[in-house]
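Undergrad: Sharing a model prediction with you, sequence too.
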Amino acid sequence: MKPLRIAIIAGEESGDQLGAELMTSLRARHKGELEFTGVGGTLMHNAGLDSLFPLAQIAVMGFSAVLARLPAIIRLAYRLIDHIVAFKPDILVIIDSPDFTHPVARRVRRKIPDLPVLDYVSPSVWAWRSGRARKMTNYIDHVLGILPFEPAAYVRLNGPACTYVGHPLVNKISLAKQAAVTERKSEAPMLLVMPGSRSSEVGRLLGPFGDAVALLAEQSPGLRVEIPAVPHLKQYIQREIAHWPVQPVLLSGEEAKFAAFSRADAALVASGTATLELALWGIPMVVGYKLDPIARRFKWLGNVSSIVLPNLILEQNVIPEYIDEACTGTVLSSAILPLLQKKAGYEMQTNAFEKLQELCSVAPHSPAELAAEMVLQHAPAS
């Protein structure tokens, strides 16, 4: 039996983790030999991928940083296209990072028209630039969605077939909750503040978040604040919060973050993946966000009723969200105070989060297991 040849491309660190888990599940399910090529990081390398070039060469964040690296990234993309075509894969799997992975997939498909192409992690076609979904049918055979509403969205948008395989956070949060030491909560309320993981968004949000904390401190005697901080922003956040009337405890690492989750009464959080983490844990929250000036100009391209993932999954805006001009200390503190006091809105959120857990669950399987099954279903008959 000849080896099953799989080209697999991840464009950033989160994709590297998904790719490694997928490769491991494929090895566990496929009876024959597997050969992998493409691009990935350390985790995919450890799972058996010989990456054509280091992931760090394309995993560039921020508009200006991408512009500066654009010529080099384009050269790498064409190298990768030629490499995949020469490899003659049986399947191509692209993982997230659509600005890089989709142009590569499109060009590979032109050169190998009958090659099955799967997209693991859908671009946000349901939120903005929905016309992309229809165009994807030209080069994507199947989308492996990580949000439960995505299959219906692709039907509505006349896109390729889509299967919900589960969000990686569901299993991760479940295991973290089991491992977390249950700490007796203090009578004094504890607020988690999560201003994001990118320097630009943290810079825009620490001001109104700090104003909210100052107002809450006046109304909640003994208020405690903890901030899980990504390592590269910890010093910056430390400087920016030095004048806050309540000095937050800064935390590093996932273990410390999840321990804080077990202590928290409520959270003030930036829009992003952290909202889903908190909701799956069961922590009521308020979301604040300020768009960067360029993104603000293009808000008209969006077509969703919320920027908060749990709200979109639940199809109900149970989590209050305050964007741009509405994101002020006064507004945020007024919304959070009842949650800290377990009053208005607290029970509504916690009940909704139980429903969210059910909607997102793919038990007894893991997302990687279901994704591997879908990949192998598209493999040519040996």
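TA: Perfect, thanks for sending it.
Undergrad: alpha carbons only for contacts and neighbour counts from here, please
TA: OK.
Undergrad: And the helices in the stretch 51-200 of the chain?
TA: In the stretch 51-200 of the chain, the helices defined using DSSP state H, counting those that start in this stretch lie at 63-87, 98-111, 131-136, 150-156, 168-179, 199-219.
Undergrad: possible to save those helices as JSON lines with mean neighbour count, mean pLDDT and distance to Ser366?
TA: Formatted as JSON lines, the helices of the stretch 51-200 of the chain follow (neighbours: other CA atoms under 10 Å; pLDDT from 0 to 100; distance: least, CA to CA, whole Å):
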{"stretch": "helix 63-87", "mean neighbour count": "14", "mean pLDDT": "83", "distance to Ser366": "28"}
{"stretch": "helix 98-111", "mean neighbour count": "18", "mean pLDDT": "95", "distance to Ser366": "23"}
{"stretch": "helix 131-136", "mean neighbour count": "17", "mean pLDDT": "96", "distance to Ser366": "26"}
{"stretch": "helix 150-156", "mean neighbour count": "18", "mean pLDDT": "96", "distance to Ser366": "18"}
{"stretch": "helix 168-179", "mean neighbour count": "15", "mean pLDDT": "89", "distance to Ser366": "7"}
{"stretch": "helix 199-219", "mean neighbour count": "19", "mean pLDDT": "93", "distance to Ser366": "32"}
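Undergrad: With distance to Gly19 added, can I get those helices in TSV?
TA: TSV is the format used below for these (distance: least, CA to CA, whole Å):
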stretch	distance to Gly19
helix 63-87	17
helix 98-111	13
helix 131-136	21
helix 150-156	20
helix 168-179	12
helix 199-219	26
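Undergrad: out of those helices, nearest to Asp324?
TA: Closest to Asp324 of the helices of the stretch 51-200 of the chain, according to CA to CA: helix 199-219, at 9.7 Å.
Undergrad: and the end-to-end length of stretch 107-121?
TA: Length of stretch 107-121, first residue to last, CA to CA, to the nearest Å: 19 Å.
Undergrad: how far is it from where the chain is centred?
TA: Taking CA atoms, centre = their mean, to the nearest Å, the mean C-alpha location of stretch 107-121 is offset from the chain mean by 24 Å.
Undergrad: now Gln316: how far from Ala214?
TA: 30 Å.
Undergrad: Oh, that last question was meant for Lys234, not what I typed.
TA: In terms of CA to CA, Lys234 sits 21 Å off from Ala214.
Undergrad: which ones are touching Leu309?
TA: Going by CA atoms under 8 Å, 6 or more residues apart in numbering, Leu309 touches Gly272, Thr273, Thr275, Leu276.
Undergrad: Nearest residue to the most centrally placed residue in the chain in space, please, no chain neighbours.
TA: Here the mean C-alpha position of the chain is nearest to the C-alpha of Thr273 (CA atoms, centre = their mean), at a distance of 4.7 Å. Once flanking residues are discounted, Thr273 sits nearest to Leu309: 7.5 Å by CA to CA, 6 or more residues apart in numbering.
Undergrad: any low-confidence regions in the stretch 201-350 of the chain?
TA: Low-confidence segments of the stretch 201-350 of the chain, defined by pLDDT under 70: 292-303.
Undergrad: What are the structural domain limits within this structure?
TA: For the chain, the structural domains run 4-166+363-377, 174-360, going by automatic domain parsing.
Undergrad: and Ile6, which of the three is it?
TA: Three-state assignment for Ile6 (DSSP: H, G, I helix; E, B strand; the rest coil): strand.
Undergrad: That one pairs with what?
TA: Listed by DSSP bridges, the beta-bridge partners for Ile6 are Phe36, Ile91.
Undergrad: related to what we said a few turns ago, export the contacts of Leu309 to TSV and tack on distance to Asp50?
TA: Putting those into TSV (distance: CA to CA, whole Å) gives the following:
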residue	distance to Asp50
Gly272	32
Thr273	30
Thr275	35
Leu276	33
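Undergrad: Among those residues, find me the one that's closest to Gly11.
TA: Thr273 (17.7 Å).
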